[in-house]
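[1] here is my input; please provide its structure:
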Amino acid sequence: PTVVVINKCDLVEGDGDKLEAMAVEVEDVVRDTLGAEDVVAQWLSCESGEGMDELLELLDESVKGLVESSDGGLAVTRARHRELLERCADALGRFRDSQFP
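    Numbers count the residues shown, from 1 in each chain. From the prediction side, this is the model:
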């Protein structure tokens, strides 16, 4: 999927329904502009950490969907790609742990 991260959700006044409606609107704009079929908008607050776990889960699922083999293992064919994915996952984990203990 095309993942759109919308930061500053802590500054939006309103309830979850309002945030959800805004996310759907953003997804529609991205679909229309990029011609992307599968678009997911994820709200995030880098200040409070709200939405961080959901974003990390979404990214994890998206990457696994791209590189998973038929037996459930990872099918990254180049060592360089595997190393970069592992470094990225480690960096995201360190960021999450340092910001939102």
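
[2] residue ranges in the chain under the pLDDT threshold?
    Along the chain, segments meeting pLDDT under 70 span 13-14, 64-77, 99-101.

[3] could I get the longest helix along it in CSV with only the CA atoms?
    The single longest helix within the chain, with elements called by DSSP state H, is helix 79-99. The C-alpha atoms that make up helix 79-99 are tabulated as CSV, following Å, rounded to 0.1, in the frame of the first residue of the first chain:
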residue,chain,number,x,y,z
ALA,A,79,22.1,-9.2,1.2
ARG,A,80,22.3,-5.4,0.9
HIS,A,81,18.5,-5.1,1.0
ARG,A,82,18.2,-7.4,4.0
GLU,A,83,20.9,-5.4,5.9
LEU,A,84,19.1,-2.1,5.1
LEU,A,85,15.7,-3.5,6.2
GLU,A,86,17.2,-4.7,9.4
ARG,A,87,18.9,-1.4,10.1
CYS,A,88,15.7,0.5,9.4
ALA,A,89,13.7,-1.8,11.8
ASP,A,90,16.4,-1.3,14.4
ALA,A,91,16.4,2.5,14.0
LEU,A,92,12.6,2.6,14.2
GLY,A,93,12.6,0.5,17.4
ARG,A,94,15.3,2.7,19.0
PHE,A,95,13.4,5.8,18.1
ARG,A,96,10.1,4.5,19.6
ASP,A,97,11.9,3.3,22.7
SER,A,98,13.7,6.6,23.3
GLN,A,99,10.7,8.8,22.6
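
[4] and that helix, what does it pack against?
    Helices and strands touching helix 79-99, by 3 or more Cβ pairs under 8 Å, 6 or more residues apart in numbering; DSSP states H and E, are helix 52-67. Every C-beta, even on glycine, is put in place using the N, C-alpha and C of the backbone.

[5] quick one, the helix it packs on and helix 79-99 angle?
    Interaxial angle of helix 52-67 relative to helix 79-99 (axes from the mean of the first three to the mean of the last three Cα atoms, to 10 degrees): 170 degrees.

[6] alpha carbons of helix 52-67, as PDB, please.
    Taking Å, rounded to 0.1, in the frame of the first residue of the first chain, the C-alpha atoms of helix 52-67 are listed here in PDB:
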ATOM      1  CA  MET A  52       3.300   5.400  16.600                       C
ATOM      2  CA  ASP A  53       2.600   1.700  17.400                       C
ATOM      3  CA  GLU A  54      -0.100   1.600  14.700                       C
ATOM      4  CA  LEU A  55       2.400   3.200  12.200                       C
ATOM      5  CA  LEU A  56       5.100   0.700  13.000                       C
ATOM      6  CA  GLU A  57       2.700  -2.200  12.700                       C
ATOM      7  CA  LEU A  58       1.500  -0.900   9.400                       C
ATOM      8  CA  LEU A  59       5.000  -0.500   8.100                       C
ATOM      9  CA  ASP A  60       5.900  -3.900   9.400                       C
ATOM     10  CA  GLU A  61       3.000  -5.500   7.600                       C
ATOM     11  CA  SER A  62       3.700  -3.600   4.400                       C
ATOM     12  CA  VAL A  63       7.300  -4.600   4.300                       C
ATOM     13  CA  LYS A  64       6.500  -8.200   5.100                       C
ATOM     14  CA  GLY A  65       4.000  -8.200   2.300                       C
ATOM     15  CA  LEU A  66       6.700  -7.100  -0.100                       C
ATOM     16  CA  VAL A  67       9.400  -9.600   0.900                       C
END
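
[7] great, nothing more from me.
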